[in-house]
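Peer 1: Using only what follows, build the 3D model:
(one chain, ligands or ions: 2)
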Amino acid sequence: MNHDYQIPDRLIQKYNVNGPRYTSYPTAPVWGPVDSQTQHGWFLELAKSPRPLSLYFHIPFCQERCSYCGCNTMITQNHGKATEYVTYLLKELDHLASYGLGHKQVRQIHFGGGTPTFLKDEEFGQILGKVRELFSFEPNAELAIEVDPCSTHEGQMEMLAALGFNRLSLGLQDFNPKVQQAVNRIQSLEITKKHIDLARTLGFSGVNLDLMYGLPHQTLETMKVTLDQVISLNPDRLALYNFAYLPEQLPHQKLIHPEDLPDEKTKLAIFFEAIQRFTQAGYEYIGMDHFAKSTDELSVAQKSRQLYRNFMGYSPKSGVDLVGVGITSIGETETYFLQNEKSLPEYQKAIATSGLAGKRGIQLSLDDRIRKWTIIRLICHFYLDFEEFAQAFGQDFPTYFKTELDGLGDMVEEGLLELGAGHIQVKPWGKILVRNICMRFDAYLTGKEAPKVKFSKTI
Ligand SMILES: C[S@@+](CC[C@H](N)C(=O)[O-])C[C@H]1O[C@@H](n2cnc3c(N)ncnc32)[C@H](O)[C@@H]1O
Ligand code: SF4
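Peer 2: Ligands and ions are numbered 1, 2, ... in the order given. From the prediction side, this is the model:
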C-alpha cells in the first residue's frame, strides 16, 4: 500500500486554502490589457527566438453542454459558425507567419476546446494544411487533440490519424450512471474503450483520460468502481481534476444542486484513494492533478528535469515558444504572456482589421522571470538546484530569496521539503501541497498588486 502521499489532517487544515494553480507565473489575474505595441514586441521576440513552436488552437464549440463544464465553450448546432471561425484561424496563422516566423519548426500542436472534433474533416485539413504550408515540423512533433467520445463521427479518428495526430485526450469524468445523469454527460465504458482501442490500432502513441472528483452524488464507494474501470482501460496518462463549482460565474452550473455535492472529507478521501490505486497500478503521481505511466514521456521528462507547466497543464515539451490561435488562447515566450480576445465577435473583428487579437498579457520583469523559473522547478521537478539558478541568472539563490527561505522553516519541520546546502527537494507530502510551497515564492499574493479573484482550494 502506498501511504507516502496521505497527509495528516492537521496539514490539510493548515494548507487547504485558496491559491493559484500556477499554469503561469505571474498568474493570469495579474496580467493587464495589452496594446498593439506590446503585441508587436511579443511577435518580434518570437521572430528572434531560436526556440521551436508549440501551437495551441482553441475550438470553442460543443453540441450540448455538460452542466459541470468550466471550459470556454459555445453551445451550438449551427456548424456554419465553426466554418466561419476556421477562416479566421487561417488568417491569424497567415498574420503570425508574416512576422518572419517561417523559419521556426513546430514541436507540438494541441487542439483544445470546447470540442475540437466539432470541426468537419475538411476544416481540420485546412488548418493542418496551412500550418504545414507556413512552418516545418520537427521529426517527432506531437500532435494532440481533446476528444469527446460521445460526439465523434464514423471515420473521424481515422481522419485525425491520417493528418498526423498522435496523442488523444478523452474527457470522461466518472462512469457512475447517477453522476453522469446529474451532470448531463452520458458516456459508457464501451464507447470510451472503443475510442482508446481504436486510437491504439491507428498508431496513436498516447492516450489521456480526464476524470473529476467532487461531482454530484460521488461517494468513495462509487468512485472506487470508476477508478478500477479506468485502470482496466490502461490509458497512458490520467488527469483527476477537482470540480470547480462556480454557479455565480457559470449559471449553467446551477443545474447542479449544492446538496448533491460530496463534502470536503469525501472529496479528499476520493483524491487519496485515486493516488493509491493509480500508483499501485503503475502510474506515477506527476503532481497537481496528473498521473502517467512510468514509461510515459511525462514521467521520463520529470525524472530528467525537462518537464514544463503551461496553461494546458504539465508538458514534456519544454524550451518552446507557445503561440495561441483562436479565442481565449494563451501564448508564452521567455518574457511575455499574451491572451487572445475571449469574445468570438471581438476576436473576428480584431483579426479582420489588424490580424492581432491579443487582449490581455504581461511583459515579465527580471524578478518575474526569476520567480517563474523557481516555481516551474518546484512544481514540475520537485527539485531546485542553486547552482543551476546561478548559471541561469548570475545570482546566488539563498541571497536572492533570503526572506522566502527563512520563512520555510515550518514546511521543513512538517516534512514537506528538505532544504539542503545547494538545493530544495520537495518530499511526498510537499508534492500534494506544492501549490502552497510555490505560494511562498509568489510576489503578487499580498499587497496592492494582489489579484482580486478567488483562487480554487489548493487540495
Ligand atoms: C475542454 S474539456 C474536455 C474536452 C471535451 N470537450 C470533452 O468534454 O471530452 C477538458 C477537461 O476539463 C475538465 N473540466 C471541465 N470543467 C471543469 C470544472 N468545472 N472543474 C474542473 N475541471 C473541469 C474536464 O475534466 C474536461 O474533460
Ligand atoms: S466538458 Fe467538453 S463537451 Fe462538455 S461542455 Fe465542456 S467542453 Fe463541451
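Peer 1: Give the phi and psi angles for the spatially closest residue to I459 that is not a sequence neighbour, as a check.
Peer 2: Nearest residue to I459 in three dimensions, chain neighbours excluded: N16, at 4.6 Å (CB to CB, 6 or more residues apart in numbering). Bear in mind the C-beta positions are built from the backbone N, C-alpha and C, glycine included. The phi and psi values for N16, taken as degrees, to the nearest 10, are phi -80, psi 70.
Peer 1: Next up, the contacts around N16.
Peer 2: N16 is in contact with E264, K457, T458, I459, counting by CB atoms under 8 Å, 6 or more residues apart in numbering.
Peer 1: roughly how far apart are it and K427?
Peer 2: Between N16 and K427 the distance, using CB to CB, to the nearest Å, works out to 18 Å.
Peer 1: Check G32 too.
Peer 2: Here G32 is placed at a distance of 37 Å from K427 (CB to CB).
Peer 1: Of those two, which one has the most company?
Peer 2: The neighbour count for G32 versus K427, taken as other CB atoms under 10 Å, is higher for K427 (16 against 9).
Peer 1: which secondary element of the protein has the worst mean pLDDT?
Peer 2: Taking mean pLDDT, DSSP states H and E as the measure, helix 36-48 is the helix or strand of the chain with the lowest mean score, a mean of 89.
Peer 1: Now do the contacts for S151.
Peer 2: Applying CB under 8 Å, 6+ apart, we find S151 in contact with C62, Q63, E64, T115, T117, F118.
Peer 1: cool, and S98?
Peer 2: If you count contacts by CB under 8 Å, 6+ apart, S98 has them with G355.
Peer 1: Show the pLDDT at it.
Peer 2: On pLDDT, S98 comes in at 90.
Peer 1: Would you mind listing what in the stretch 1-150 of the chain touches ligand 2?
Peer 2: Proximity of the stretch 1-150 of the chain to ligand 2 (CB under 6 Å from any ligand atom) is limited to residues C62, R65, C66, C69, C71, T73, G113, G114, T115, D148.
Peer 1: quick one, what contacts the closest residue to ligand 1 within the stretch 101-250 of the chain?
Peer 2: Proximity of the stretch 101-250 of the chain to ligand 1 (CB to the nearest ligand atom) peaks at G171, 2.1 Å away. When the contact criterion is CB under 8 Å, 6+ apart, the partners of G171 are E146, V147, D148, P149, R185, D210.
Peer 1: List of residues touching the longest strand seen in the chain?
Peer 2: Taking DSSP state E as the criterion, the chain has its longest strand at strand 136-147. Contacts to strand 136-147, defined as CB under 8 Å, 6+ apart, come from residues 52, 105-113, 115-117, 157, 160, 163-171, 195, 317.
Peer 1: tell me which element the closest residue to R277 other than its chain neighbours falls in.
Peer 2: Once flanking residues are discounted, R277 sits nearest to L227: 4.8 Å by CB to CB, 6+ apart. Per DSSP states H and E, L227 falls inside helix 220-233.
Peer 1: The helix or strand following that helix and ligand 2, are they touching?
Peer 2: Once the chain leaves helix 220-233, the next helix or strand it forms, by DSSP H and E, is strand 237-242. No. Applying CB under 6 Å from any ligand atom, one finds strand 237-242 separated from ligand 2 by no less than 10.7 Å.
Peer 1: where in the chain is pLDDT low?
Peer 2: The chain contains residues with pLDDT under 70 at 1-3.
Peer 1: What residues does it have near ligand 1?
Peer 2: 68-71, 112-113, 115, 146, 148, 171, 173, 210, 212, 241, 243-244.
Peer 1: Can you flag the buried ones in those residues?
Peer 2: 68-71, 112-113, 115, 146, 148, 171, 173, 210, 212, 241, 243 (16 or more other CB atoms under 10 Å).
Peer 1: Quick one: list the elements packing against the longest helix along the chain.
Peer 2: Criterion DSSP state H: the longest helix present in the chain is helix 79-97. Judged by 3 or more CB pairs under 8 Å, 6 or more residues apart in numbering; DSSP states H and E, the packing partners of helix 79-97 are strand 53-59, strand 61-62, helix 121-134, strand 321-325, helix 344-353.
Peer 1: Would you mind giving the domain segments of the chain?
Peer 2: 1-19+365-444, 27-325 (automatic domain parsing).
Peer 1: The stretch 201-350 of the chain: strands as residue ranges?
Peer 2: For the stretch 201-350 of the chain, the strands defined by DSSP state E, counting those that start in this stretch occupy 206-213, 237-242, 283-287, 290-293, 308-310, 313-315, 321-325, 330-332, 336-340.
Peer 1: Ok, which of the ones you listed comes nearest V453?
Peer 2: When the strands of the stretch 201-350 of the chain are ranked by proximity to V453, the top entry is strand 336-340, at 14.6 Å, counting by CB to CB.
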